[in-house]
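Participant: Take this sequence and fold it.
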Amino acid sequence: MILKGTHASAVGAILAGCRHFFGYPITPSTEGAELLARLLPELSGVFVQAVSEVATVNMMYGCGGAGLRSMTFTSSPGFSLMLEGISYMIGSEVPGVFFNVMRGGPGLGNIGPEQGDIKLACRGLGHGNTHAVVLAPSTPQEMLDLTMNAFDLAFKYRNPVVLVSDGYLGQMTGRVNLPPYMIKPGLPEWAVHGDETHRGNLICSIFLSETDLEQHNIHLLEKYEQMIQDEQRADLFHCGDADWVVVASNTPARMAKGAVQQLRDRGVRVGLFRPITLWPFPIDALTPLLQRASGLIVVEAGAGQLEDELRLAASHAGIHAMPPIHRVRHYGGVLPQQQEIVDTVTALAGV
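Facilitator: Next up, the predicted model:
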């Protein structure tokens with residue numbers, strides 16, 4: 001089947017058992033919502049176009065609190081408006097899936113592709129000590145697969161999960177293979193669902209006692225640590241003998257993969273390290289590559305937010321002797337190109 005990226009994610013949500021969508025239209029993410037608006041009523045589902053992104057996230061809070069799977073599509077300015085509500089969901093341990101199709105900024109910017117929201121998704125999910133698994137697809141197939149996976153992770157950890165793509169990936173089409181099954185989730189025991197089985201459950205994020213709130217924070221921090229231990233994911237391409245390692249995600253990773261293959265055909269030992277989880281950054285898979293690499297080349301459509309996650313993860317892992325880090329960056333909706341990646345590596349390798 002040939003699907004647009006946002007459509008693939010919408011299909012993945014349905015296959016994952018999501019029957020509740022709340023959202024406010026914003027380019028370049030709207031097509032996913034439009035498809036769900038057509039399909040969910042036919043599946044006894046619920047589609048609500050909220051009056052704003054603030055309303056959206058609070059509807060998701062209520063739906064997730066009832067133990068039901070819900071999601072939204074948004075783009076950078078809309079994601080910013082949702083951050084307070086995401087903090088409430090994290091504090092109350094309420095699951096939900098947020099898909100941010102990143103666009104050019106700051107401000108209104110434009111609808112071109114950018115990776116300027118990595119810092120928000122990884123380090124800025126509202127106030128307090130907040131984190132969520134952040135998944136970064138690079139193909140329409142991964143848009144479907146990782147959306148399905150996001151719902152499992154959200155309910156595994158009772159925590160929101162954030163997917164991030166760029167504007168091009170949301171709009172591009174590609175071949176997508178559907179799984180031979182559809183998930184029909186039950187109700188978790190903690191849900192506030194209004195029935196006799198779940199009577200007595202309570203979901204909230206308020207702790208008036210300082211010591212109680214400290215203990216709740218300790219519980220959340222332990223949960224984040226478990227995510228770091230268990231949920232790091234990366235895709236490695238020609239990295240086994242690589243002297244130079246290109247690091248890229250989303251659509252820039254597609255250009256980087258082409259550059260790596262072009263350089264390999266010329267005998268240059270270069271590989272692509274593609275983080276699938278931006279948080280937790282997959283430092284465990286990168287660490288062995290650092291021991292032989294002459295340098296890293298971080299390719300991103302942004303001002304260094306992906307590199308910041310790499311550096312922070314390395315620091316927390318106790319890695320202080322890093323190989324030199326070089327950069328290929330563009331901003332404002334302009335993407336790095338395959339040839340300039342080839343040229344950068346060629347100059348560094350002296351070939």
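
Participant: Check the gap between the closest residue in space to Met82 that isn't next to it in sequence and Lys184 for me.
Facilitator: Distances taken as C-beta to C-beta, 6 or more residues apart in numbering put Val57 closest to Met82, at 4.3 Å, once the chain neighbours are dropped. C-beta coordinates here come from the backbone N, C-alpha and C atoms, glycine included. Counting by C-beta to C-beta, to the nearest Å, the gap from Val57 to Lys184 is 26 Å.

Participant: Same drill for the two, tell me which one is more crowded.
Facilitator: Of the pair Val57 and Lys184, Val57 is the one with more neighbours under other C-beta atoms under 10 Å, namely 29 against 7.

Participant: same question for the helix or strand hosting that one, mean pLDDT?
Facilitator: If you go by DSSP states H and E, Val57 is part of helix 53-65. Helix 53-65 comes out with an average pLDDT of 98.

Participant: what do you get for stretch 303-321?
Facilitator: 96.

Participant: can you check stretch 226-242 too?
Facilitator: 97.

Participant: Name the residues that touch it?
Facilitator: Stretch 226-242 is contacted from outside by 131, 133, 135, 153, 157, 245, 257, 260-261, 264, 269-277, 280-286, 289, 292-293, using C-beta atoms under 8 Å, 6 or more residues apart in numbering.

Participant: mind listing the helices in the stretch 1-150 of the chain by residue range?
Facilitator: Applying DSSP state H, counting those that start in this stretch to the stretch 1-150 of the chain gives helices spanning 5-15, 30-39, 53-65, 76-92, 118-123, 140-157.

Participant: Ranking helices and strands of this protein by mean pLDDT, which lands last?
Facilitator: Among the helices and strands of the chain, helix 167-171 carries the lowest confidence by mean pLDDT, DSSP states H and E, at a mean of 91.

Participant: Could you report the distance from Cys122 to Phe151?
Facilitator: 20 Å.

Participant: Same check on Glu225?
Facilitator: Taking C-beta to C-beta, one finds Glu225 at 22 Å from Phe151.

Participant: Looking at these two, which is more packed in?
Facilitator: Phe151 (24 against 12).

Participant: how close does the more buried one sit to His127?
Facilitator: 26 Å.

Participant: Then Thr30?
Facilitator: From Thr30 to His127 the distance is 29 Å (C-beta to C-beta).

Participant: For these two, indicate the residue with more neighbours.
Facilitator: Taking neighbours as other C-beta under 10 Å, Thr30 and His127 compare with Thr30 leading, 19 against 11.
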